[in-house]
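1. Below are the sequence and a predicted model for it; my questions follow.
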Amino acid sequence: METVSDYMARKHASLGDSYRHEDRRYADSCFIIAREVEKRLKAEGRNPQLFWLRGQICDNMKNRELIVPKINDGKIVWAVHVVAVADNLVFDPMIGEPVAVREYPRIAFEGNPEMLPVPYRFD
């Protein structure tokens, strides 16, 4: 099986700046990528968990702001983003290398998205 480092490098190179093909269809899913990273982390003997990021509540109807990844200068926005976390590090090929959990939202996104554990397991 491909190592976490090799997988992250390969995905980082292929994601470009939008996760989309030229015809605007999504080329990849952050959830599928996070699951692949999680699988590789487990193979390396780590205990990963999936986390999701979402925007802050922005009105009295509890609607949420969209989150804006810094990689694409505002070309796309997402409702949520899913990543794998192990050993207090976020493993997201969008960034390309592991980043400390407390630094990740600031490094990866505009604004201040919430980062929460996904409340269920997919084993």
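-> Sure thing, it's come through.

2. just the strands in the protein please.
-> For the chain, the strands defined by DSSP state E occupy 49-54, 80-86, 89-91, 99-100, 114-117.

3. Using CSV, lay out those strands together with mean neighbour count, mean pLDDT and distance to residue 28.
-> Heads up, the C-betas are built off the backbone N, CA and C, glycines and all. Shown next, in CSV, are the strands of the chain (neighbours: other CB atoms under 10 Å; pLDDT from 0 to 100; distance: least, CB to CB, whole Å):
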stretch, mean neighbour count, mean pLDDT, distance to residue 28
strand 49-54, 18, 96, 16
strand 80-86, 23, 96, 12
strand 89-91, 23, 98, 15
strand 99-100, 14, 98, 19
strand 114-117, 14, 94, 20
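
4. tell me, what residue is most central in this structure?
-> residue 83 (3.7 Å; CA atoms, centre = their mean).

5. Where does pLDDT dip in the protein?
-> The chain contains residues with pLDDT under 70 at 16-27, 122-123.

6. Which parts of this structure are helices?
-> Secondary structure of the chain (DSSP state H): helices at 4-15, 30-43, 104-108.

7. got TSV for those helices, with distance to residue 87 and mean neighbour count too?
-> What follows is the helices of the chain, written out as TSV (distance: least, CB to CB, whole Å; neighbours: other CB atoms under 10 Å):
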stretch	distance to residue 87	mean neighbour count
helix 4-15	11	16
helix 30-43	9	19
helix 104-108	13	18
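
8. out of those helices, which comes closest to residue 55?
-> helix 104-108 (10.9 Å; CB to CB).

9. Now tabulate the helices of the chain in JSON lines and tack on distance to residue 69.
-> Below are those laid out as JSON lines (distance: least, CB to CB, whole Å):
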{"stretch": "helix 4-15", "distance to residue 69": "10"}
{"stretch": "helix 30-43", "distance to residue 69": "10"}
{"stretch": "helix 104-108", "distance to residue 69": "6"}
